[in-house]
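Engineer: coords please:
(chains A and B)
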Amino acid sequence: MSPNPTVELTLPVMEDMEIAATKTAEVVAKAMGLDEMKTAEINMALIEACINAFEHSKSKENIYITYSIDGDTLIIKVGDKGEGFDSEVVSIPNIDEKINSDHKRGWGLQLMKELMDTVEFESTDAGTTVTMTKNK
Amino acid sequence: MADFDMKVKDNDGVIVVTTNGYLNNYGGEQVASLCLQKISEGKTKFLLNLANTDMVNSIGVSILIEVIEELQGTQGVIAFCNLAPIVEKTFNIMGISKYAKLYANEEEAMAEIA
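Structural biologist: Numbers count the residues shown, from 1 in each chain, chains lettered A, B, ... in the order given. Okay, here's the model as predicted:
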């Protein structure tokens, strides 16, 4: 096996295509020996990252995912070529405020942060890449 | 589109919705639409059995907040049972569990809310 095995996946912007990303994640997680709960957490975070890339980027182009195994750490990058955003100005969602509000969505970033060990965003006008890690 | 369907029964006045498949925006809309219809017919107790839903997304779950909202101001209740651990964790992160009780199974839920 190469020192840092990497799987690359390209997804078109199509409904429910995030499920394809989770199937690949399951194979990689199994190869690493990650347990069921950590695999499920990765899948959930990945679903949210893909949905953000699909919807928030307003991009009609493909999104790109890489899964890299670095020792006991899985590194997942989800990139799009849509409009960027500033993750620092995204407010932390609160259920009390969502109830009776017209905007009930906006949970993706918070879920990614809670479910993964690290989450970082790099965003420019040319696109956004979210890098998430999960330790074994 | 990922497969999603649901079964509905009225059990002692409790509307029990058993979902099957990925609870995404489509699934969330299906469940919320049904519940809102039942609320308009006077039903106020809902139990969502997610035994066959091991994957959700935040859009699908956030649509269910509409049902919580609609039940506020009534003596109504919405509860969930048979949640996969990741679904329960997601509900906790989103705060759904602050407004809806989570039960291990349908029997336990019915014993309390019926």
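Engineer: Name the residues that touch stretch B:55-62?
Structural biologist: With CB atoms under 8 Å, 6 or more residues apart in numbering or on different chains as the test, stretch B:55-62 has contacts from A:18-19, A:22, A:43-44, A:47-48, A:51, A:98, A:104-108, A:111, B:22-28, B:86-87, B:90-91, B:94, B:96. The way it works is simple: take the backbone N, C-alpha and C, and place the C-beta from them, glycine included.
Engineer: Mind doing that once more with 6 Å?
Structural biologist: For stretch B:55-62, the surrounding residues in contact (CB atoms under 6 Å, 6 or more residues apart in numbering or on different chains) are A:47-48, A:104-105, A:107-108, A:111, B:22-25, B:27-28, B:87, B:94.
Engineer: which other helices and strands contact the lengthiest helix in chain B?
Structural biologist: Ranked by residue count under DSSP state H, the longest helix found in chain B is helix B:25-40. Contacts defined by 3 or more CB pairs under 6 Å, 6 or more residues apart in numbering or on different chains; DSSP states H and E place helix B:25-40 against helix B:58-71.
Engineer: gap between the helix it packs on and the chain center?
Structural biologist: Its chain's average C-alpha position is 9 Å from that of helix B:58-71, according to CA atoms, centre = their mean, to the nearest Å.
Engineer: List the neighbouring strands of whatever helix or strand comes next after that helix plus their orientation.
Structural biologist: Next helix or strand after helix B:58-71 toward the C-terminus (DSSP states H and E): strand B:77-81. Partners of strand B:77-81 in the sheet, by DSSP bridges, are strand B:45-52 (parallel), strand B:101-103 (parallel).
Engineer: Not counting sequence-adjacent ones, nearest residue to the residue of chain B found nearest chain A?
Structural biologist: For chain B, the residue closest to chain A is B:Gly95, as judged by CB to the nearest CB, at 3.0 Å. In this structure, B:Gly95 finds its nearest non-sequential neighbour in A:Ile95, 3.0 Å apart by CB to CB, 6 or more residues apart in numbering or on different chains.
Engineer: winner for burial among the strands paired with strand B:77-81?
Structural biologist: strand B:45-52 (a mean of 21; mean count of other CB atoms under 10 Å in any protein chain shown).
Engineer: Tell me the predicted confidence for the residue most central in space within chain B.
Structural biologist: In chain B, the residue lying closest to the centroid (CA atoms, centre = their mean) is B:Leu48, at 3.5 Å. Model confidence at B:Leu48, given as pLDDT, is 98.
Engineer: quick one: contacts for the closest residue to B:Val31 other than its chain neighbours?
Structural biologist: Leaving aside its sequence neighbours, B:Val31 sits nearest to B:Val17 (CB to CB, 6+ apart; 6.0 Å). Contact analysis of B:Val17 by CB under 6 Å, 6+ apart lists B:Met6, B:Val8, B:Leu48.
Engineer: same check, this time on B:Ala51
Structural biologist: B:Asn82 are the contacts of B:Ala51 under CB under 6 Å, 6+ apart.
Engineer: Relative to A:Glu122, how far out is it?
Structural biologist: Applying CB to CB, to the nearest Å, the value for B:Ala51 to A:Glu122 is 40 Å.
Engineer: A:Gly84 now?
Structural biologist: 9 Å.
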